[in-house]
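> sharing a model prediction with you, sequence too.
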Amino acid sequence: MRRIRANAIAILTVAWILGTFYYLWQDQKPQSVPSVAAQTRVRNHGQKGVPGRLEIHRDERTIPLIVTPPPQTEQQRQLLGSFDEKAYLSARQLKPGDDPYREHAFNLQESDRLGSERAIRDTRHYRCASLTYDSDLPSTSIIITFHNEARSTLLRTVKSVLIRSPPPLIQEIILIDDFSSDPEDCQLLAQIPKVRCLRNIRREGLIRSRVRGASTASASILTFLDSHCEVNTDWLQPMIQRVKEDHTRVVSPIIDVISLDNFAYLAASADLRGGWDPTTHTHTHIHARTHARTTPVIAGGIFVMDKSWFNHLGQYDTHMDIWGGENFELSFRVWMCGGSLEILPCSRVGHVFRKRHPYDFPEGNALTYIKNTRRAAEVWMDEYKQYYYSARPSAQGKAFGSIADRLTLRRKLNCKPFRWYMESVYPELRVPEQEAVFSLLKQGGLCLETRGTDGGLGLAECKSIGTNKLPSQKWELIEPLIRQQDLCLAISAFTAGSKVKMEPCNIKEPRQVRGRLLGVAEPEGKALSLPVDLHSYPHLWS
Ligand code: LR7
Ligand code: MN
């Protein structure tokens with residue numbers, strides 16, 4: 001049973017990841033409940049990669065659906081400036097006999113064959129097309145960091161942004177070349193109007209690279225993308241609109257799947273929460289397909305955020321290396337420090353999901369991931385970090401550097417406790433019924449008990465042990481606090497002889513007594529120890 005409890009955070013994390021993948025693939029399964037999406041079938045009458053007209057069949061009616069066509073030659077020239085696309089792409093070709101998956105963990109041959117742009121299906125719910133946005137939306141700086149990205153995917157990412165965004169909304173596209181082998185991968189792209197290239201002089205990882213990009217951005221809104229994406233029709237306006245209305249929102253699109261084998265663009269389901277809106281406790285099927293909804297965590301790679309809000313909240317934890325963990329850290333921080341995270345179903349961006357990292361981790365994959373996630377857990381998860389460690393016992397004792405700066409940041413921003421996040425942001429996450437760490441608190445032969453309702457405490461004869469413990473003598477440890485329901489054991493003051501009492505739990509209140517689980521002492525259950533100066537607790541320990 002303890003194991004179940006211990007796995008709660010693993011469940012949180014894994015459930016979220018699995019949930020994402022479930023919904024990503026759900027569209028390909030027949031659905032048992034007929035929904036608008038299920039009744040929607042798209043037939044492509046054009047050839048693959050050729051712009052054309054799609055027909056969308058819904059409720060037996062046929063609605064023509066226009067796919068954004070690639071620009072004409074003149075537009076093309078305007079779009080690309082002096083950039084020689086052919087030369088750029090042909091300089092790096094697969095040689096016959098090369099394994100097309102080796103270098104990038106996706107089928108490079110297919111990506112190269114596709115060329116720099118193509119028509120993709122507009123995967124939004126049909127109602128999204130009729131939504132309108134402010135005509136004076138602010139512009140954004142697009143930030144794309146990459147390490148040894150394939151030229152064809154990188155260029156398609158950049159061009160899809162230029163083609164499928166209203167030009168005035170794109171202030172610039174900042175590429176951060178994270179010390180790729182060939183500096184020209186990035187440098188040559190800077191010939192495209194609006195594209196800037198920054199090259200790291202050593203490998204930094206995506207976190208520090210993004211911070212570097214963000215700090216040189218000139219627009220008031222930041223948009224982050226991975227380097228192997230294709231943005232879809234009207235992807236940007238919904239996100240900028242939401243951030244313009246409230247700068248503390250951090251918004252993500254629905255992330256469609258670009259097949260790593262054949263580069264087909266596959267729609268992810270818009271129904272990420274199954275039509276159940278936890279804020280109103282109502283079923284909102286149609287709404288769910290077009291309206292913004294909050295999410296406890298974002299995937300991390302593709303999001304829009306106000307620049308001053310990004311800076312105010314402490315950008316990223318720049319002691320995180322290479323890859324991993326920063327999406328949790330950002331998600332916790334945004335929620336706990338006064339912002340919110342949203343997914344916008346009317347914004348769609350495709351991403352090539354891979355099965356392995358195609359690049360090296362200088363400190364090793366596992367150690368880097370542990371370092372990054374330990375930092376996130378240690379700074380943000382309070383007593384819940386024990387679940388992280390239970391789920392990942394190997395993390396214990398691994399180096400994660402100093403977190404003093406991030407703790408200071410958390411204090412300075414006056415962020416809420418993780419418990420609040422769990423209860424308010426992720427209430428759907430039901431930690432399975434669990435055996436909590438209950439115990440008697442013994443002093444000599446006597447037991448600490450609560451008396452009456454005014455928070456009073458006293459020592460008395462231990463009434464019983466094991467499962468029949470009297471509630472008044474039954475203490476629960478949720479590290480680090482020692483509780484009975486919502487009340488916690490506290491001292492009145494930090495002076496010898498001060499009284500102990502019960503008061504509403506508050507992790508930030510240093511007077512509340514810190515406990516630590518020592519081990520299992522049979523037959524009385526788990527033994528609690530109080531790693532505190534015993535003289536501060538005369539009533540308990542004198
Ligand atoms: O050392 C590096 N330097 C880099 O610049 C390592 C990576 N990168 C770049 C890389 O080229 C890519 O553009 O960083 C980006 C992300 O790396 P990927 O694509 O190898 O990893 P991923 O797709 O698994 O990344 C997901 O998880 C990461 C955790 O750190 C980041 O949050 C990524 O942004 C995130 N990607 C997405 O959220 C896209 C949608 C996936 C989903 C759901
Ligand atoms: Mn990626």
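Alright, I've got the coordinates. Ligands and ions are numbered 1, 2, ... in the order given.

> OK, contacts around the residue in the chain that ligand 1 sits nearest to?
Proximity of the chain to ligand 1 (CB to the nearest ligand atom) peaks at residue 301, 2.3 Å away. To be clear about C-beta, it is placed using only N, CA and C from the backbone, and glycine gets the same treatment. Neighbour list for residue 301: 224, 225, 226, 327, 351 [criterion: CB atoms under 8 Å, 6 or more residues apart in numbering].

> one more time with 10 Å
Contact analysis of residue 301 by CB atoms under 10 Å, 6 or more residues apart in numbering lists 144-145, 206, 210, 224-229, 252, 255, 326-327, 349, 351.

> what about residue 102, how many neighbours?
If you count neighbours by other CB atoms under 10 Å, residue 102 ends up with 10.

> same question, residue 116
Per other CB under 10 Å, the neighbour tally for residue 116 reads 21.

> close to ligand 1: what parts of this structure are there?
20, 145-147, 149, 178, 203, 205-206, 209, 226-227, 255, 299-302, 322-324, 326-327, 351, 357, 359 (CB under 6 Å from any ligand atom).

> apply 5 Å and report the result again.
145-147, 178, 205-206, 209, 226-227, 255, 299-301, 322-324, 327, 351 (CB under 5 Å from any ligand atom).

> out of those residues, which are inside strands?
Taking DSSP state E, the ones among these that sit in strands are 145, 146, 255, 351.

> phi, psi of residue 341?
Reported as degrees, to the nearest 10, the phi and psi values for residue 341 are phi -120, psi 140.

> which residues does it bridge with?
Bridge pairing for residue 341 (DSSP bridges) gives the partners residue 250.

> was I right to think it contacts residue 243?
No - here residue 341 does not reach residue 243: they are 11.8 Å apart, not a contact under CB atoms under 10 Å.

> which residues are common contacts for the two?
Common contact partners of residue 341 and residue 243 (CB under 10 Å, 6+ apart): 249, 250, 251, 303, 305.

> ok, which pair from those is furthest apart?
249 and 303 (10.1 Å; CB to CB).

> for the stretch 401-542 of the chain, which spans come out with low pLDDT?
Residues of the stretch 401-542 of the chain meeting the criterion pLDDT under 70: 429-438, 443-444, 464-470, 479-480, 495-498, 515-542.

> no wait, the stretch 1-150 of the chain
Along the stretch 1-150 of the chain, the model assigns pLDDT under 70 to residues 1-73, 76.

> what about 90?
Where the stretch 1-150 of the chain drops to pLDDT under 90, the residues are 1-82, 92-96, 115.

> give me the number of residues near residue 446?
By other CB under 10 Å, 15 other residues sit near residue 446.

> OK, contacts around it?
Counted by CB under 10 Å, 6+ apart, residue 446 has contacts 440, 458, 459, 460, 461, 462, 540.

> most neighbours among the ones in strands among the residues of the chain next to ligand 1, which one is it?
Going by other CB under 10 Å, residue 145 tops these with 27 neighbours.

> for residue 238, phi and psi?
In terms of degrees, to the nearest 10, the main-chain angles of residue 238 are phi -60, psi -40.

> and it, what does it touch?
Residues in contact with residue 238 (CB under 10 Å, 6+ apart) are 124, 128, 131, 133, 251, 253, 290, 292, 304, 342, 344-348.

> which of the residues you listed fall in strands?
With strands taken from DSSP E, the overlap with those comprises 251, 253, 304, 342, 344, 345, 346, 347, 348.

> now those in a markdown table, with pLDDT, distance to residue 377 and neighbour count?
Converted to a markdown table, those look like this (pLDDT from 0 to 100; distance: CB to CB, whole Å; neighbours: other CB atoms under 10 Å):
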| residue | pLDDT | distance to residue 377 | neighbour count |
| --- | --- | --- | --- |
| 251 | 98 | 25 | 25 |
| 253 | 96 | 28 | 28 |
| 304 | 98 | 27 | 27 |
| 342 | 95 | 24 | 21 |
| 344 | 96 | 29 | 25 |
| 345 | 94 | 31 | 25 |
| 346 | 96 | 34 | 26 |
| 347 | 97 | 30 | 28 |
| 348 | 97 | 32 | 29 |
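
> re the thing from before, neighbour count winner among residue 341 and residue 243?
Using other CB under 10 Å as the criterion, residue 341 and residue 243 rank with residue 243 on top: 27 against 21.

> now do the more buried one, the pLDDT please.
Residue 243 carries a pLDDT score of 98 in this model.

> which residues in the stretch 1-150 of the chain form strands?
Secondary structure of the stretch 1-150 of the chain by DSSP state E, counting those that start in this stretch: the strands cover 41-44, 53-58, 61-66, 140-146.

> again, but for the stretch 251-400 of the chain
Under DSSP E, counting those that start in this stretch, the stretch 251-400 of the chain gives strands at 265-266, 276-277, 282-283, 293-294, 303-306, 340-352.

> which of those comes out lowest on mean pLDDT?
Comparing mean pLDDT across those, the weakest is strand 276-277, with a mean of 34.

> shared neighbours of residue 249 and residue 303, which are they?
Both residue 249 and residue 303 are contacted by 239, 243, 334, 341, 342, under the criterion CB under 10 Å, 6+ apart.

> the first one: neighbour count?
Put plainly, it is residue 239. So residue 239, with other CB under 10 Å, has 29 neighbours.

> am I right that it is in contact with residue 302?
Yes - look at residue 239 against residue 302 with CB under 10 Å: they come within range, at 9.5 Å.

> which residues are common contacts for these two?
Residues touching both residue 239 and residue 302 by CB under 10 Å, 6+ apart: 223, 251, 252, 253, 347, 349.

> next, format those residues as CSV and append distance to residue 266.
Converted to CSV, the shared contacts of residue 239 and residue 302 look like this (distance: CB to CB, whole Å):
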residue, distance to residue 266
223, 23
251, 22
252, 18
253, 15
347, 17
349, 13
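
> quick check: the farthest pair among those?
So, the shared contacts of residue 239 and residue 302 by CB to CB: farthest apart are 251 and 349, at 11.7 Å.

> any common contacting residues for these two?
Common contact partners of residue 251 and residue 349 (CB under 10 Å, 6+ apart): 239, 302, 303.

> so where's the stretch 251-400 of the chain uncertain?
In the stretch 251-400 of the chain, residues with pLDDT under 90: 268-290, 293, 383-384, 386-394, 396-397.

> hang on, the earlier thing: between the contacts of residue 238, which is closest to residue 387?
Comparing the contacts of residue 238 against residue 387 with CB to CB places residue 342 closest, at 25.8 Å.

> OK, contacts around that closest one?
Contacts for residue 342 (CB under 10 Å, 6+ apart) come out as 238-239, 242-243, 246, 249-252, 291-295, 298, 303-304.

> ok, 7 Å please
242, 249, 251, 292, 293, 294, 295 (CB atoms under 7 Å, 6 or more residues apart in numbering).

> how many neighbours does the residue lying closest to residue 188 once chain neighbours are set aside have?
Nearest residue to residue 188, sequence neighbours excluded (CB to CB, 6 or more residues apart in numbering): residue 88, at 5.3 Å. By the other CB under 10 Å criterion, the neighbourhood of residue 88 contains 21 residues.
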